[in-house]
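Engineer: give me a 3D structure for the following:
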Amino acid sequence: VVHHEVPAGIGLADLARDIGRQTLTIKQRRLYLGSALELTFGRLMMALFSERRRRKLYQKHYPLWGGLTNMNLNTLWPQSDEVRPVDYFRAVSTGPVTPLVASITTIGPVANIGLTYRSTVFGEPDIERIRTSFLGPLGLTAQP
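Structural biologist: Just a heads-up that it's a prediction; the model follows:
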């Protein structure tokens, strides 16, 4: 995972170069292998735990049933009355650790919320229940 603060006044090209340097370091040092090793070790250790202990451990320390990613595009695409408004909807990849991901993207006065999920983990009734629990309190309806 690469994380980069966006200081005021930085251009998109400079931001991309900074992220490229971070990514290059990760690739050169093969730091991406750490996640796979940690997941493998965790899976082996979990096999030694009782079902009750596994549930307690994950409930307290590893709420990995879903993920959340947000993005505010107002700094990249300024909106004005003279220019046609831009809308942006994105889907986010799921994985074995995060089979459900909510992506929230804001641009102008609009916020788009997307749910990406693995159908091998969640069925349509589960996803409908999740949609309703997110959108119902806001007075919104889903558009599949």
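Engineer: for the protein, what spans make up the strands?
Structural biologist: Secondary structure of the chain by DSSP state E: the strands cover 67-72, 100-107, 110-117.
Engineer: any idea how far the residue of the chain positioned farthest from its centre lies from residue 73?
Structural biologist: Relative to the C-alpha centroid of the chain, counting by Cα atoms, centre = their mean, residue 82 is the outermost residue, at 32.9 Å. Note on residue 82: its distance to residue 73, by Cβ to Cβ, to the nearest Å, is 18 Å. (Each C-beta comes from the backbone N, C-alpha and C, glycine too.)
Engineer: how about residue 67?
Structural biologist: For residue 67, the distance to residue 73 - Cβ to Cβ - is 19 Å.
Engineer: helix or strand with the lowest mean pLDDT in this protein?
Structural biologist: Taking mean pLDDT, DSSP states H and E as the measure, the helices and strands of the chain show their lowest mean at helix 51-61, namely a mean of 67.
Engineer: identify, out of the strands of the chain, the most deeply packed stretch.
Structural biologist: Mean neighbour count, computed with mean count of other Cβ atoms under 10 Å, is highest for strand 100-107 among the strands of the chain, reaching a mean of 18.
Engineer: how far out from the middle of the chain is that one?
Structural biologist: Here strand 100-107 is found 7 Å from its chain centre; the criterion is Cα atoms, centre = their mean, to the nearest Å.
Engineer: so where's the longest helix in the protein?
Structural biologist: The residue-count maximum for a helix in the chain (DSSP state H) belongs to helix 12-29.
Engineer: for that one, buried residues please.
Structural biologist: residue 18 (16 or more other Cβ atoms under 10 Å).
Engineer: excluding its own residues, what touches it? List them.
Structural biologist: Residues from elsewhere that reach helix 12-29 (Cβ atoms under 8 Å, 6 or more residues apart in numbering): 2, 4, 6, 31-32, 76.
Engineer: now list the buried members of those residues.
Structural biologist: Not one of the contacts of helix 12-29 meets the buried threshold, by 16+ other Cβ under 10 Å.
Engineer: between the residues you listed, which is closest to residue 118?
Structural biologist: Nearest to residue 118, judged by Cβ to Cβ, of the contacts of helix 12-29 is residue 32 at 21.5 Å.
Engineer: ok, now how distant is residue 74 from residue 88?
Structural biologist: Applying Cβ to Cβ, the value for residue 74 to residue 88 is 11 Å.
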